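[1] Sequence plus predicted model, see below.
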Amino acid sequence: MSSGQAVATERLRNYIGGEWVDASGSGSLPLYNPATAEVIGAVPLSDASDVDRAVQAAAAVYEEWRDTSVFHRARIMFKYKELLEQHKEELARLITKEHGKTLDEARAELVRGIEVVEFATGAPTLLQGRTLEQVGRGVDVEMYRQPLGVCVGITPYNFPGMIPMWMFPLAIVAGNTFVLKPSERTPLTSMRLAELLAEAGLPPGVLNLVHGGRETVEALLAHRDVQAVSFVGSAAVAEIIYRTAAAHGKRVQALAGAKNHMIVLPDADLDFAVEAIVGSAFGSAGQRCMAGSVLVAQDDVADRLLEKLVARSERLRIGPGDEPGVEMGPLIRDEHRERVKSYIEIGQSEGAELIVDGRKASLPDRGFFLGPTIFTGVDPDMRIAREEIFGPVLSTVRVKTIEEGIELINRSQYGNGAVLFTRSGAAARAFRRYAKAGMLGVNIGVPAPVAVFPFAGWRGSFYGDLHANGEDAINFYTERKVVTSRWV
Ligand code: NAD
């Protein structure tokens, strides 16, 4: 690792105008290694003056950056991709250290993130407009894409590498400058990502990073020089961000929380489905927006499925994410673990049957660990079937038909993702056509984002119009300009 800030155990610094600088905001939060509960740094809570400095740094170089050749911007992304590949293992270890997920999970999220950088290298094609000759006699029309100005990214803790990379590579390659506000619970990976982009040749000020929480975000949303805001996080905060940013006249996309259903039909390959379900529900300790958290089992398969699922879940190896063979790491913080445990109590008090109790699993004696938990006999109206728990808790609901399963998906306040396990093409088609959610999987546990396709949920899982990634992201980070001309 370079001399950079990413290894610091003291108070972290903001990255503004190409320099690591102390925040003026005096408050800070402890940064933990969730696998050991050790404090590994202090995250400053930047105030409005820090935010202003970062936005001004981004605004100051904007004109110059948007005037660089698109090939030059794309070449920086080529170099960045190369550096990210070279530093992949180091970055994966950093993710595991600050988040707790296993190294394999960290590597996988980096692959997804690096694919966005790869997509960004296509800027000379992606940013092309279009033309139409002779819309009237001697009159032609051209459409250009132009950058917006200073864009902002506000990211959650659960994908410290991938989610920032959904945002700044595409914004920057399109000619925008950027201020990233990473999660105050997992900021180290973002810091290293910023350093590597500078090493790839990005001029100072094009990407800036401010640490902080609510006050920092509020200052960003209100800043007059910010043009667009990309947010990913919980549903309650997403709604606030969407309303506030829009009230300040910003373009905004806010990806929110989830409650994802996994339907299993009797004709599914059960062993395959069980592996995928365990990976989806308990991978990253359930802290994924695409995590399956409601298992919808058709009656004829429910008993066989649960028997296999319980046996597999009880065999899951829980421990620090950097230990070989570990399949599930800790939760992010002790308070979050307490919140997840409170949902286990809620499920019991609602009358669901607890068949695997994560509180009783054999767990490391330090760190914020909790074992996998499975409920059966869950009624769709129970809170454990409706609310996002964001931990390794799976609620099982039985249905008679696939239609009943799809109806459950469609009734949810969320609509992020849903998956189906079956061997029937007709069932898969009905699911694809009628399930109301943004990201579907057929015989896939986690329909993960693919850089060249748009990614977001529906209903309460998303606020905005243009999704992350793919063509949507290009549209989000550019303004279209149409020129009609006649040359006499
Ligand atoms: P969070 O909402 O607590 O925090 C997200 C960001 O918002 C952080 O940078 C945080 O500092 C900031 N923030 C928190 N409270 C704020 C407030 N009151 N005002 C302004 N800013 C505030 O989310 P989290 O706990 O870090 O992440 C987990 C959540 O993110 C889950 O709900 C998960 O489903 C969701 N998520 C969604 C997607 C998706 O693609 N839809 C992807 C990943 C995570």
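    Yes, it's here. Residues are numbered from 1 along each chain as shown.
[2] and residue 481, that's in a strand?
    Yes - assessed by DSSP: H, G, I helix; E, B strand; the rest coil, residue 481 belongs to a strand.
[3] measure the nearest residue to it once chain neighbours are set aside to residue 170 for me?
    Nearest in space to residue 481, with sequence neighbours left out and distances taken as CB to CB, 6 or more residues apart in numbering, is residue 144 at 4.8 Å. In short, each C-beta sits where N, CA and C put it, glycine included. Counting by CB to CB, to the nearest Å, the gap from residue 144 to residue 170 is 18 Å.
[4] Settle it for me: which of those two has more neighbours?
    Residue environment comparison for residue 144 versus residue 170 gives the larger neighbour count to residue 170, 30 against 15, counting by other CB atoms under 10 Å.
[5] Tell me, what's the model's pLDDT at that one?
    Among the per-residue scores, residue 170 holds a pLDDT of 98.
[6] Name the next helix or strand following the strand or helix carrying it along the chain.
    Using DSSP states H and E, residue 170 maps to helix 162-173. Once the chain leaves helix 162-173, the next helix or strand it forms, by DSSP H and E, is strand 177-181.
[7] circling back to that earlier point, packing partners of the helix holding residue 170?
    helix 70-86, helix 103-120, strand 150-154, strand 177-181, helix 188-199, strand 226-232, helix 470-476 (3 or more CB pairs under 8 Å, 6 or more residues apart in numbering; DSSP states H and E).
[8] buried ones in the longest one?
    Using 16 or more other CB atoms under 10 Å as the burial criterion, the residues of helix 103-120 that qualify are 103, 105-110, 112-120.
[9] Then stretch 55-69?
    The neighbour-count criterion (16+ other CB under 10 Å) identifies 55, 56, 57, 58, 59, 60, 61, 62, 65, 66 as the buried residues of stretch 55-69.
[10] Mind picking the one among those residues that's closest to the ligand?
    residue 55 (16.3 Å; CB to the nearest ligand atom).
[11] Kindly confirm my reading that the closest one is in a helix.
    Yes - for residue 55, which was evaluated using three-state DSSP, the result is membership in a helix.
[12] who touches it in this structure?
    The contact partners of residue 55, taken as CB atoms under 8 Å, 6 or more residues apart in numbering, are 150, 179, 208, 220, 223, 225, 226.
[13] measure it to residue 396 for me?
    Distance, residue 55 to residue 396, using CB to CB: 48 Å.
[14] Just checking: what are the partner strands of the helix or strand that the residue nearest to residue 481 is a member of?
    Of the helices and strands defined by DSSP H and E, residue 144 is found in strand 139-147. Taking DSSP bridges as the criterion, strand 139-147 pairs within the sheet with strand 130-136 (antiparallel), strand 478-486 (antiparallel).
[15] The longest one: how far from the chain's middle?
    In terms of CA atoms, centre = their mean, to the nearest Å, the centre of strand 478-486 is found 34 Å from the chain centre.
[16] Buried residues, it. List them.
    Within strand 478-486, the residues scored as buried using 16+ other CB under 10 Å are residue 478.
[17] Tell me what angle that strand forms with strand 226-232.
    Using axes from the mean of the first three to the mean of the last three CA atoms, to 10 degrees, one finds that strand 478-486 and strand 226-232 are set 140 degrees apart in direction.
[18] Surely the residue nearest to residue 481 is in contact with residue 129?
    Yes - Residue 144 sits in contact with residue 129 when judged by CB atoms under 8 Å, with a separation of 4.5 Å.
[19] Need the residues touching each of these two.
    Common neighbours of residue 144 and residue 129, using CB under 8 Å, 6+ apart, are residue 480.
[20] Residue 319: what's its closest spatial neighbour, skipping adjacent residues?
    Distances taken as CB to CB, 6+ apart place residue 326 nearest to residue 319, at 4.3 Å, with adjacent residues excluded.
[21] Give me the three-state assignment for the one you found.
    Applying three-state DSSP: residue 326 is coil.
[22] okay, the nearest residue to residue 415 once chain neighbours are set aside: pLDDT?
    Beyond its immediate neighbours in the sequence, the residue positioned closest to residue 415 (CB to CB, 6+ apart) is residue 458, lying 3.3 Å away. Here the pLDDT value assigned to residue 458 is 98.
[23] Would you quantify the distance from the residue nearest to residue 481 to residue 61?
    Applying CB to CB, one obtains 22 Å for the distance of residue 144 from residue 61.
[24] if we can go back for a sec, need the winner for burial among the helices and strands packed on helix 162-173.
    Mean neighbour counts were compared across the helices and strands packed on helix 162-173 using mean count of other CB atoms under 10 Å; the top stretch is strand 177-181, at a mean of 29.
[25] residues touching the residue nearest the centre of the chain, list them.
    Nearest to the geometric centre of the chain sits residue 163, at 4.4 Å (CA atoms, centre = their mean). For residue 163, the contacting residues are 113, 155, 156, 232, by CB under 8 Å, 6+ apart.
[26] And for residue 38, the neighbour number?
    Neighbours of residue 38 using other CB under 10 Å come to 14.
[27] tell me the phi and psi of it?
    Note on residue 38: backbone dihedrals following degrees, to the nearest 10 are phi -80, psi 150.
[28] Please determine how far the residue nearest to the centre of the chain is located from the ligand.
    6 Å (CB to the nearest ligand atom, to the nearest Å).
[29] How about residue 353?
    Relative to the ligand, and taking CB to the nearest ligand atom, residue 353 is found at 26 Å.
[30] Please name the bridge partners of that residue.
    On the basis of DSSP bridges, residue 353 takes part in beta bridges with residue 376.
[31] pLDDT score for it?
    At residue 353 the predicted local distance difference test score is 98.
[32] contacting residues around it?
    375, 376, 377.
[33] thinking again about what came up before, dump the buried residues of stretch 55-69 into CSV; add distance to residue 388 as well.
    Supplementary listing: the buried residues of stretch 55-69 in CSV, determined by distance: CB to CB, whole Å:
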residue, distance to residue 388
55, 32
56, 37
57, 36
58, 33
59, 36
60, 40
61, 39
62, 37
65, 38
66, 39
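[34] Those residues in strands, which ones?
    Secondary-structure check on the buried residues of stretch 55-69 using DSSP state E: no residue lies within strands.
[35] any idea which of the contacts of residue 353 is closest to residue 312?
    residue 376 (15.3 Å; CB to CB).
[36] what's near enough to touch that closest one?
    The neighbours of residue 376, taking CB under 8 Å, 6+ apart as the test, are 306, 352, 353, 355, 396.
[37] Fine by me, thanks again.
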